[in-house]
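J.: Just the structure for this:
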Amino acid sequence: MAAISPQTETNVVKITLRGVGDHPGMAAGIFSTLGETGVNVELITATAIGGTRSDVSFVISHSDLENVKDQLEAMRLEFGAEGVDQDPNVAIVALHVAELVQTPGTAGRMFAALSGRGINIDMISTSMASITCVIPENRVEDAVRVLEEEFAKG
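T.: Numbers count the residues shown, from 1 in each chain. As a prediction, the model looks like this:
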């Protein structure tokens, strides 16, 4: 595998709708609403917190936050969420690897490298060609450095 360079994005905010009713159409409703306001959602995770509830987290640009504040409260009410949290102190770090599906262990190497430097991963998303993590914004430079060291090895 060739050397991999991490990509980062700052100026993002993580939004979490806590305790949303977990039922068909919930995600469609949330993300259709955001799409109608012109907001680009960069990363989504949903975590079941019981048989009927989920926490839905997503990352958007800081510049979109003002556009969705009213919608977030409306979504909280519509979907019966217990609350809405915002964390503006996050960043995205991603590895894009064309042959990721043919390269076992890449995710483990990434997570071990980050944790070895005490960098906590808040969200993880993977696809056939990338591994994306949300980390504390103040650790972005450390994350880039450690991932460049780890993946310069090939």
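J.: Below-threshold pLDDT in this protein: ranges please.
T.: 1-3, 99-101, 153-154 (pLDDT under 70).
J.: and Ser5, that's in a helix?
T.: No. With DSSP: H, G, I helix; E, B strand; the rest coil as the criterion, Ser5 is coil rather than part of a helix.
J.: And for it, nearest residue in space, chain neighbours not counted?
T.: Glu148 (6.7 Å; C-beta to C-beta, 6 or more residues apart in numbering). Bear in mind the C-beta positions are built from the backbone N, C-alpha and C, glycine included.
J.: What is the distance between the host helix or strand of that neighbour and the centre of its chain?
T.: Assigned by DSSP states H and E, Glu148 belongs to helix 140-152. Its chain's C-alpha centre and that of helix 140-152 lie 19 Å apart, by C-alpha atoms, centre = their mean, to the nearest Å.
J.: next one: stretch 55-63
T.: With C-alpha atoms, centre = their mean, you get 8 Å for stretch 55-63.
J.: The residue nearest to Ser5 against Thr8, yeah?
T.: No. Counting by C-beta atoms under 8 Å, Glu148 sits too far from Thr8 to count as a contact (11.4 Å).
J.: For the helix holding Glu148, list every residue counted as buried.
T.: Val140, Ala143, Val146, Leu147, Glu150, Phe151 (16 or more other C-beta atoms under 10 Å).
J.: Check stretch 123-133 too.
T.: For stretch 123-133, by 16+ other C-beta under 10 Å, it's Met123, Ser125, Thr126, Ile131, Thr132, Cys133.
J.: next one: stretch 65-73
T.: Those would be Leu65, Val68, Gln71, Leu72, for stretch 65-73 by 16+ other C-beta under 10 Å.
J.: ok, of these, which one's closest to Ala48?
T.: Leu72 (21.1 Å; C-beta to C-beta).
J.: Can you tell me how far that closest one is from Asp85?
T.: For Leu72, the distance to Asp85 equals 10 Å [C-beta to C-beta, to the nearest Å].
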